[in-house]
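In: predicted model and sequence below, questions to follow.
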Amino acid sequence: MNTEARNKVFSKLKELDIAYEVYEHPPLDTIEIALKYWKEIDSIHCKNLFFRNHKGNRHYLVIIKDTTPFSIRSLEKKLKQGKLTFGSEKRLMKYLGVKPGSVSPFGLINDETHHVHLFIDQQLQSADKISFHPNDNTASVVVRYADLLKFLANLGNSYEFIDPTPDVD
């Protein structure tokens, strides 16, 4: 458990007067593992993917509903950012302050230069509650969707909504 990372998230949520619920669980490194622990949590769950462009000078956090099929080629076409590859562990730490398996929009509190651009699955706009790891994959934090937007607005990173579903050829 990374108590320092969690506490930074909890402090920011309290500072912004954002109510949250915390659910403890073993480390959840994949969606497949997470699904069995998330079934009792009343919220929409997400896949959080960290990418870099071909040149390595732009970085993106993509948040999609956990059950949405994912295709990197389709995503590349929709994002219009060129060829994408997953960001390395070193880049994850540099820009989001997290290790693989703990990626979430809460990591943006560590992006003081607002370098990372966020793409959010448009399906999430209809969610009442949404959950993410608090920069540590041994817990899930549930917040209202409107409060996620409040959190993002406070941080200042750019974001936009996308339809991440793969194109049917």
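Out: Perfect, I can see it now.
In: put the alpha carbons of the helix or strand of the chain with the lowest mean pLDDT into CSV.
Out: Least confident helix or strand, the chain: helix 31-38 with a mean of 74, by mean pLDDT, DSSP states H and E. Extracted in CSV, the C-alpha atoms of helix 31-38 (Å, rounded to 0.1, in the frame of the first residue of the first chain):
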residue,chain,number,x,y,z
ILE,A,31,-9.4,-5.4,-15.3
GLU,A,32,-10.0,-9.2,-15.2
ILE,A,33,-8.8,-9.4,-11.6
ALA,A,34,-10.6,-6.2,-10.6
LEU,A,35,-14.0,-7.3,-11.9
LYS,A,36,-14.5,-9.8,-9.1
TYR,A,37,-13.8,-7.1,-6.4
TRP,A,38,-15.7,-4.4,-8.1
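In: for the residue sitting nearest the centre point of the chain, give me its contacts.
Out: For the chain, the residue sitting closest to the mean C-alpha position, by Cα atoms, centre = their mean, is Ser104 at 2.9 Å. Contacts here follow Cβ atoms under 8 Å, 6 or more residues apart in numbering; on that basis Ser104 touches Cys46, Asn48, Val98, Phe132, His133, Pro134, Asn135. Backbone N, C-alpha and C define where each C-beta goes, glycine included.
In: please apply the same query to Asn135.
Out: 2, 5-6, 8-9, 96-98, 102, 104, 106-107, 109-110.
In: buried ones in the least confident helix or strand of the chain?
Out: Neighbour-count burial for helix 31-38, counted by 16 or more other Cβ atoms under 10 Å, picks out Ala34, Trp38.
In: can you name every helix or strand that the longest helix that the chain contains contacts?
Out: When the chain is parsed with DSSP state H, its longest helix is helix 3-15. Contacts defined by 3 or more Cβ pairs under 8 Å, 6 or more residues apart in numbering; DSSP states H and E place helix 3-15 against strand 139-144, helix 145-155.
In: re earlier: and the contacts of Asn135, which two are furthest apart?
Out: Using Cβ to Cβ, the contacts of Asn135 span at most 14.4 Å, a distance reached by Arg6 and Leu96.
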